[in-house]
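Enquirer: here are the coordinates; sequence isn't available:
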């Protein structure tokens, strides 16, 4: 059986003769992978969720893979949804490609084509995740977080139960969970979505978001709670 990884589609860089993609790594990490045309050694940076910037992996040579290239790759893959795809070979390793300078990864280099966590694979291959991605993907193939949040906010403001939640002092998290669950159930047609399933879907959407996937919804809920006082 052909192995799979959880990654975005490929993008072509302008700062290097290279292609790039994001990959979901084990332990909740996201990697930015660059494959040059003139060397078989891939470059890897880990997405720093605190700074929003890529951190070069220890085995990645900065001379071959400058930080600027990873920043470009991060920008170009922003919003591209994760899906289960085949692992990518470096263009330099394809028969007939230009000869590459010899390079070898450090022994402790993380495996780029690592087997994805079974829970992540089940989520990304699930019909619910795919329906949600399809509903909020624009013509460029990017997830429209603006559309997603707009839809959630409109649904929240039109939900009579929300006023009851606010009036009885429900927490921001409780209100957000209710709004998102109702919306995702409507989009997928699945009335039995669990909170764990919703959380897993949001984690995959958030991993390729330029910022927090539900930033606008959270701000609106805080506004509603503040208006209560």
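Expert: Happy to help now that I have it. Just so it is clear, the structure is predicted and the values come from calculations on it, not from any experiment.
Enquirer: residue boundaries of the strands in this structure?
Expert: With DSSP state E as the criterion, the chain has strands at 5-7, 11-12, 18-24, 30-36, 43-47, 54-56, 83-85.
Enquirer: Against residue 67, how distant is residue 61?
Expert: Distance from residue 61 to residue 67, counting by Cβ to Cβ, to the nearest Å: 12 Å. Every C-beta, even on glycine, is put in place using the N, C-alpha and C of the backbone.
Enquirer: what sits against residue 84?
Expert: By Cβ atoms under 8 Å, 6 or more residues apart in numbering, the contact set of residue 84 is 4, 5, 6, 116, 121, 124, 125.
Enquirer: how many neighbours does the closest residue to the fourth one other than its chain neighbours have?
Expert: So the one you mean is residue 116. With Cβ to Cβ, 6 or more residues apart in numbering as the criterion, residue 116 has its nearest non-adjacent residue at 4.6 Å, and that residue is residue 6. Residues near residue 6, counting by other Cβ atoms under 10 Å, number 24.
Enquirer: max-length helix in the protein?
Expert: helix 172-188 (DSSP state H).
Enquirer: sorry, back to before: any chance of the strands of the chain in TSV with mean pLDDT as columns?
Expert: Shown next, in TSV, are the strands of the chain (pLDDT from 0 to 100):
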stretch	mean pLDDT
strand 5-7	95
strand 11-12	97
strand 18-24	96
strand 30-36	95
strand 43-47	95
strand 54-56	95
strand 83-85	95
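Enquirer: how about those in JSON lines, adding distance to residue 165?
Expert: Below are the strands of the chain laid out as JSON lines (distance: least, Cβ to Cβ, whole Å):
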{"stretch": "strand 5-7", "distance to residue 165": "34"}
{"stretch": "strand 11-12", "distance to residue 165": "41"}
{"stretch": "strand 18-24", "distance to residue 165": "33"}
{"stretch": "strand 30-36", "distance to residue 165": "33"}
{"stretch": "strand 43-47", "distance to residue 165": "34"}
{"stretch": "strand 54-56", "distance to residue 165": "39"}
{"stretch": "strand 83-85", "distance to residue 165": "34"}
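Enquirer: closest to residue 203 out of these?
Expert: Closest of the strands of the chain to residue 203 is strand 18-24, at 9.4 Å (criterion: Cβ to Cβ).
Enquirer: quick revisit: may I see the buried residues of the longest helix of the chain?
Expert: Neighbour counts using 16 or more other Cβ atoms under 10 Å place 175, 176, 178, 179, 180, 181, 182, 183, 184, 187, 188 of helix 172-188 among the buried residues.
Enquirer: Name the nearest of those residues relative to residue 155.
Expert: If you rank the buried residues of helix 172-188 by distance to residue 155 using Cβ to Cβ, residue 183 comes first, at 5.1 Å.
Enquirer: contacting residues for that closest one?
Expert: Residue 183 touches 151, 152, 155, counting by Cβ under 8 Å, 6+ apart.
Enquirer: Excluding chain neighbours, give the residue nearest to the last one in space.
Expert: If I follow you right, that is residue 155. Distances taken as Cβ to Cβ, 6+ apart place residue 183 nearest to residue 155, at 5.1 Å, with adjacent residues excluded.
Enquirer: repeat for the first one
Expert: Closest residue to residue 151 in three dimensions, ignoring its sequence neighbours and counting by Cβ to Cβ, 6+ apart: residue 183, at 6.4 Å.
Enquirer: Would you mind measuring from the one you found to residue 147?
Expert: Distance of residue 183 to residue 147, given as Cβ to Cβ: 12 Å.
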